[in-house]
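**Q** Mind folding the following:
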Amino acid sequence: MRLYDPAVGRFDSCRALTTKRPKVPAAVPLFLRGRTRLLALDFDAKHLGPHAVKSDVARVLNWLHECGGRAVVDVSTSGGQHVLVPLSPGATATVREIRPVLDLLAARLPTLDIVPMTNERTGCITVPGSECREGGHRRLTDDLAVAIDNLVVGSDPGLLARLTALLGCTTPHRTSPVSAVVQALTVSERIVGAGAAACLHPSYRRSLTPSSAVVAFASHGRVDTDRWRSRSEARQSVLAHAVMGGLSIAELVERAGTPEWAGLREAYSDYRDPAKALMRDAENALNWIASTLPDPVRHIGHKFKYTGGLQDPVFANWLQAANTWTTAAYQGRRDRWTTHAVLQALAWSAAVAGEVVEGVPVVAVGGRSLSIAAGMLPETTVWSVLERLRETVGSPVLLVSRGVGQNADRYALVPIRDSSASVGRSAPGNDAHQRLESIHPAWAEIGLRQKAVYEVVASTDEPMTVDAVIEAVRMSRSSGYDAVLDLRVAGLLTIENRKVRVGLVTLDDIAQRCGMEAEVRRRVVRHRAERIVWRQWLVERETARLSFGDDSRGLLLDEAYLSTVVSAGPPAVDVSDW
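**A** This is a model prediction of the structure:
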């Protein structure tokens with residue numbers, strides 16, 4: 001949490017969250033690793049007063065209700081209010097994903113301050129019950145049980161997209177080349193049919209009744225000025241709701257000719273070709289909806305797609321020795337666990353797509369692929385670990401050749417040369433006879449340190465005490481007890497009669513609860529887009545090189561400028577300035 005300092009007038013100091021309420025205003029971070037699970041709307045009464053805040057909060061709560069959103073509202077002694085909107089369970093969003101809807105809300109709600117939600121590094125919000133700067137503390141407007149229920153149940157999975165469509169903005173924002181390719185790939189997978197028959201895939205449709213404002217404009221052309229600033233936004237809102245319901249472009253144009261949509265038809269009467277303009281807007285709305293709606297998070301009876309692993313003694317023996325070396329060389333260091341993860345990802349990749357050269361496993365693999373196999377580690381972390389392993393004497397990883405063009409770096413998984421590093425007990429959870437597999441994505445939510453503890457418990461036939469588990473993992477006592485507690489909270493471990501056992505909750509359960517399948521899919525699509533952009537850049541560079549010819553140096557100078565420089569000679573130099 002971040003505590004408010006009256007001397008400097010801002011939240012200046014950071015402390016660990018405590019069970020007792022701090023005596024000064026306290027705020028909690030809104031983002032974790034660049035993503036948030038909460039849409040926090042801060043309504044400030046400083047300039048327009050409490051009555052304006054109440055009006056804006058009532059309007060936004062009405063819009064949220066129409067879009068399937070749930071909210072927790074608290075009020076400060078100054079009259080300001082916070083509207084905390086949880087996303088659907090397991091769903092997260094970045095600043096880039098929520099910024100469009102924040103801008104739309106800020107343009108319609110004068111007391112809304114969107115700054116806390118626009119900075120993933122410093123964004124924070126004071127929580128209900130916190131002290132206020134003016135004295136007193138923030139109070140919930142509803143019962144505590146209602147607030148807890150709203151936070152646990154969460155909002156509709158398509159809240160952000162539906163709220164943006166409700167406010168009438170379906171215009172795509174300018175994006176980077178990679179984001180544009182990601183959007184194109186996503187749209188192609190979520191739209192069925194082509195041309196006028198194109199419509200949203202059934203799994204992404206929302207069969208909800210449009211709001212009265214949308215119906216009023218579609219039928220009579222009445223514009224709700226509280227939510228729409230122009231007739232264009234009202235038109236786009238009607239079209240977005242129609243394509244979310246599953247209408248194709250042809251069906252949408254056909255409905256525009258009925259009396260129920262007389263208002264929408266009239267809104268296009270000023271165009272030279274109303275039907276063509278309507279089809280263009282409908283196509284834009286369909287593409288926007290397809291690229292914006294989130295992947296489904298929960299599927300009843302769905303099992304997370306996860307490989308059962310391979311059993312190959314060559315790769316398993318190397319991984320066992322490599323982990324033992326890492327435990328000895330990195331014990332007590334924070335990067336020990338990420339190094340274990342990257343080594344396991346290398347072994348898995350070598351077993352799946354590598355080869356064995358004179359008894360040594362060799363694999364050509366990129367950091368992006370390793371990041372997924374390493375349990376959704378950030379790509380930058382994987383590259384950092386690989387660089388450190390390449391430069392460490394006695395490392396079990398040897399760089400054979402650098403990647404060029406579309407070819408990835410090539411690594412040899414060499415035997416451990418330093419015998420002193422591998423003396424003693426083997427690394428936790430290591431067994432040459434165990435199946436070799438990639439790291440389950442659920443560990444991205446729980447932690448890699450907890451993974452080591454869990455694997456020790458899961459690999460033993462007889463229950464162990466907590467101290468025995470910690471000794472086997474070879475970590476500090478405090479870190480070990482914290483890891484066991486985290487695993488018990490997650491339901492992966494239980495303790496009975498002072499013995500640790502595997503719990504009833506599985507990694508698949510946690511992955512589905514946290515929406516990890518959608519997260520893995522998003523990363524895979526982004527990696528595909530980055531590779532497409534990279535290949536395109538390589539082609540353009542090669543084309544430009546060939547266009548100059550073999551004798552060209554790739555440098556073009558203006559002939560008049562060149563002749564002037566040659567005839568005039570070098571500029572005079574005043575040696576007195578030396």
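**Q** how far is stretch 127-144 from where the chain is centred?
**A** 31 Å (C-alpha atoms, centre = their mean, to the nearest Å).
**Q** what separates residue 494 from residue 207, distance-wise?
**A** 41 Å (C-beta to C-beta, to the nearest Å). Where you see a C-beta, it was placed from the backbone N, CA and C, and this is true even at glycine.
**Q** Could you do residue 384 as well?
**A** 47 Å.
**Q** before we move on, what about residue 539?
**A** Going from residue 539 to residue 207 by C-beta to C-beta gives 44 Å.
**Q** Who has more neighbours out of the two?
**A** Remark: of residue 539 and residue 207, residue 539 carries more neighbours, 10 against 7, as counted by other C-beta atoms under 10 Å.
**Q** Return the residues in contact with the more buried one.
**A** Residues counted as contacts of residue 539 (C-beta atoms under 8 Å, 6 or more residues apart in numbering): none.
**Q** With residue 405 instead?
**A** Taking C-beta under 8 Å, 6+ apart as the test, what residue 405 contacts is residue 538.
**Q** Point to the helix or strand of this protein where mean pLDDT is at its lowest.
**A** helix 559-568 (a mean of 62; mean pLDDT, DSSP states H and E).
**Q** Pull the number of nearby residues for residue 533.
**A** For residue 533, the count of nearby residues is 17 (other C-beta under 10 Å).
**Q** Hmm, I typed the wrong one, I wanted residue 330.
**A** 17.
**Q** How about residue 6?
**A** With other C-beta under 10 Å as criterion, residue 6 counts 10.
**Q** can you tell me how far it sits from residue 95?
**A** 29 Å.
**Q** and if you look at residue 5?
**A** Applying C-beta to C-beta, the value for residue 5 to residue 95 is 26 Å.
**Q** When these two are compared, which one has more neighbours?
**A** Taking neighbours as other C-beta under 10 Å, residue 5 and residue 95 compare with residue 95 leading, 18 against 13.
**Q** Report whether the expected contact of the more buried one with residue 117 is present.
**A** Yes: the criterion here is C-beta atoms under 8 Å, and residue 95 meets it with residue 117 at 7.3 Å.
**Q** And stretch 374-388, what's buried?
**A** For stretch 374-388, the neighbour count (16 or more other C-beta atoms under 10 Å) marks 374-377, 379, 381-386, 388 as buried.
**Q** ok, now stretch 273-280?
**A** Using 16+ other C-beta under 10 Å as the test for burial, stretch 273-280 gives 274, 278-279.
**Q** In which helix or strand does the residue nearest to residue 453 when sequence neighbours are not counted reside?
**A** With sequence-adjacent residues excluded and distances taken as C-beta to C-beta, 6 or more residues apart in numbering, residue 453 is closest to residue 483, at 4.6 Å. For residue 483, the element it lies in under DSSP states H and E is helix 477-490.
**Q** what sits up against that helix?
**A** 446-447, 449-450, 452-454, 466-467, 469-470, 473, 475, 493-495, 500, 503, 505, 510.
**Q** swap the cut-off to 7 Å and go again
**A** 446-447, 449-450, 453-454, 466, 469-470, 473, 493-495, 500, 505, 510 (C-beta atoms under 7 Å, 6 or more residues apart in numbering).
**Q** do stretch 286-294 as well
**A** 91, 157-158, 161, 170, 172, 183, 186-187, 190-191, 198, 200, 204, 240, 243-244, 249, 518.
**Q** again with stretch 147-162
**A** Taking C-beta under 7 Å, 6+ apart as the rule, stretch 147-162 contacts 67-72, 85-89, 91, 93, 97-98, 101, 140, 206, 289, 292-294, 296-297.
**Q** Pull out the buried residues from these.
**A** 67-72, 85-89, 91, 93, 98, 101, 206, 289, 292-294, 297.
**Q** out of these, which are inside strands?
**A** Among these, the residues falling in strands (DSSP state E) are 72, 85-86.
**Q** does residue 16 count as helix, strand or coil?
**A** Under the three-state scheme (DSSP: H, G, I helix; E, B strand; the rest coil), residue 16 adopts coil.
**Q** and it, how far is that from residue 313?
**A** 46 Å.
**Q** between those two, which one's more packed in?
**A** The neighbour comparison of residue 16 against residue 313 (other C-beta under 10 Å) goes to residue 313, with 11 against 5.
**Q** Closest to residue 108 out of the buried residues of stretch 273-280?
**A** Taking C-beta to C-beta as the measure, residue 108 lies nearest residue 278 of these, at 25.8 Å.
**Q** Give me the pLDDT for the closest one.
**A** Listed pLDDT for residue 278 reads 93.
**Q** Which element, helix or strand, includes it?
**A** helix 274-292.
**Q** Quick one: name whatever helix or strand follows that helix.
**A** Trace forward from helix 274-292 with DSSP H and E and the next one is helix 313-330.
**Q** Output that next one as CSV, nothing but the C-alphas.
**A** What follows is helix 313-330 as a C-alpha-only set of coordinates in CSV (Å, rounded to 0.1, in the frame of the first residue of the first chain):
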residue,chain,number,x,y,z
PRO,A,313,16.4,-40.2,-20.1
VAL,A,314,18.8,-38.1,-22.2
PHE,A,315,16.9,-34.8,-21.6
ALA,A,316,15.7,-35.7,-18.2
ASN,A,317,19.2,-36.5,-17.0
TRP,A,318,20.5,-33.3,-18.3
LEU,A,319,17.7,-31.3,-16.6
GLN,A,320,18.4,-33.0,-13.3
ALA,A,321,22.1,-32.2,-13.5
ALA,A,322,21.3,-28.6,-14.7
ASN,A,323,18.9,-28.0,-11.8
THR,A,324,21.3,-29.4,-9.3
TRP,A,325,24.0,-27.0,-10.6
THR,A,326,21.6,-24.1,-10.5
THR,A,327,20.6,-24.9,-6.9
ALA,A,328,24.2,-24.8,-5.8
ALA,A,329,25.2,-21.8,-7.8
TYR,A,330,22.1,-19.6,-7.3
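**Q** tell me the mean pLDDT over it?
**A** Averaged over helix 313-330, pLDDT sits at 92.
**Q** what does stretch 478-494 give?
**A** 94.
**Q** So which bits of that stretch are buried?
**A** 480-484, 486-487, 490, 492-494.
**Q** Give me the mean pLDDT for the longest helix along the chain.
**A** For the chain, the longest helix by residue count, based on DSSP state H, is helix 516-548. Regarding helix 516-548, the rounded mean pLDDT is 89.
**Q** Check which residues of it are buried.
**A** So helix 516-548, judged by 16+ other C-beta under 10 Å, has buried residues 516-520, 522-523, 525-527, 529-530, 532-533.
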